[in-house]
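*Asks:* got a predicted structure here, sequence first:
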Amino acid sequence: MLAPQLQTNVVQDLIDFCIEWLADRRYALTVDVDMLRWAEAMGKAPSIALVNPTFDPRVNRLSSKNSFWLDIRAGSSTVAMIASRLFVTDDYLELKRSLRLWYDTPRADDAPLRLTLTTDMPTIGGNVGHEGGMWVHPDHRKRGLSALLPHLARALAFRQWNLDWQTGLALRGVGSSGLVSRAYGMPHVVPCYEGLWPPSGLPDRLYLAYMNREELVAGLDLQRVAALLPDRHAQPGDAVAVVQKG
């Protein structure tokens with residue numbers, strides 16, 4: 001495991017790289033802690049069927065201490081976004097079983113999820129980051145944003161919350177495609193539930209994505225992330241500063 005200062009350097013180098021990569025392509029980045037703005041933007045986004053309740057302040061107690069989202073804009077329009085949340089817990093899987101991953105107060109008519117995991121599944125606890133709510137406008141897909149955003153959000157979450165674990169959730173289509181490992185950088189992606197998924201009310205298969213602290217830092221290696229992206233200097237432009245909002 002890297003020494004703390006080396007971890008800090010790896011994370012900051014990746015953040016700096018991502019900011020420059022976005023600026024090269026004339027994208028403006030805002031780190032926003034107002035999650036209602038994320039929920040409203042996601043609700044209006046083309047091809048989105050569901051606003052993930054995990055990051056929705058209308059059903060969860062969210063603040064600048066436990067959540068943020070990245071707003072990527074081209075001109076005045078949001079063209080991509082991703083959300084991050086912190087859970088401080090002894091057992092992340094119990095949050096999923098009890099539905100408290102999605103709702104601070106689960107609905108009375110929703111039964112707990114019966115997770116199906118192997119006996120070698122590690123205990124995920126401590127400061128646990130959870131990422132999701134990613135969307136890229138159809139006109140801006142296949143440009144590297146869907147690979148860049150999870151890594152940038154993960155780096156910012158690690159720096160902000162000193163994470164022990166990072167997690168995510170994928171539904172059947174994405175979870176079975178290999179994208180979560182190949183493009184998003186999660187080393188462990190395992191099916192964990194099949195049946196009715198309460199947030200959508202529809203049958204689905206859920207995949208648990210996770211990494212421990214060492215894997216998180218290793219996955220933020222600059223050369224590894226850069227290899228996932230189009231040529232860094234293909235579209236030079238003027239630098240755009242990161243803006244913190246909320």
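*Replies:* Looks like it came in fine. Residues are numbered from 1 along each chain as shown.
*Asks:* check which helix or strand covers the nearest residue to residue 67 once chain neighbours are set aside.
*Replies:* Distances taken as Cβ to Cβ, 6 or more residues apart in numbering place residue 85 nearest to residue 67, at 4.8 Å, with adjacent residues excluded. All C-beta atoms are positioned from the backbone trio N, CA, C, and that covers glycine. Taking DSSP states H and E as the criterion, the element that holds residue 85 is strand 77-89.
*Asks:* go through that strand and flag the buried ones.
*Replies:* 78-87, 89 (16 or more other Cβ atoms under 10 Å).
*Asks:* among the residues you listed, which two are most distant?
*Replies:* 79 and 89 (33.4 Å; Cβ to Cβ).
*Asks:* could you list the low-confidence segments of the chain?
*Replies:* 1, 231-246 (pLDDT under 70).
*Asks:* hey, where'd the helices end up in it?
*Replies:* 4-24, 35-44, 92-97, 145-161, 172-175, 179-182, 213-219, 222-226 (DSSP state H).
*Asks:* for residue 4, give me its contacts.
*Replies:* For residue 4, the contact set (Cβ atoms under 8 Å, 6 or more residues apart in numbering) is empty.
*Asks:* and if you look at residue 219?
*Replies:* 151, 154, 185, 187, 211, 225.
*Asks:* so the second one makes contact with residue 218?
*Replies:* No - under the criterion of Cβ atoms under 8 Å, residue 154 is not in contact with residue 218, lying 11.6 Å apart.
*Asks:* what about those two, which has more around it?
*Replies:* residue 154 (28 against 17; other Cβ atoms under 10 Å).
*Asks:* for the more buried one, which non-adjacent residue is spatially closest?
*Replies:* Of all residues not flanking residue 154 in the chain, residue 166 sits nearest, at 5.7 Å (Cβ to Cβ, 6+ apart).
*Asks:* that neighbour contacts residue 131, correct?
*Replies:* Yes - checked against Cβ under 8 Å, the pair residue 166 and residue 131 is within contact range at 6.9 Å.
*Asks:* fine, thanks again, bye for now.
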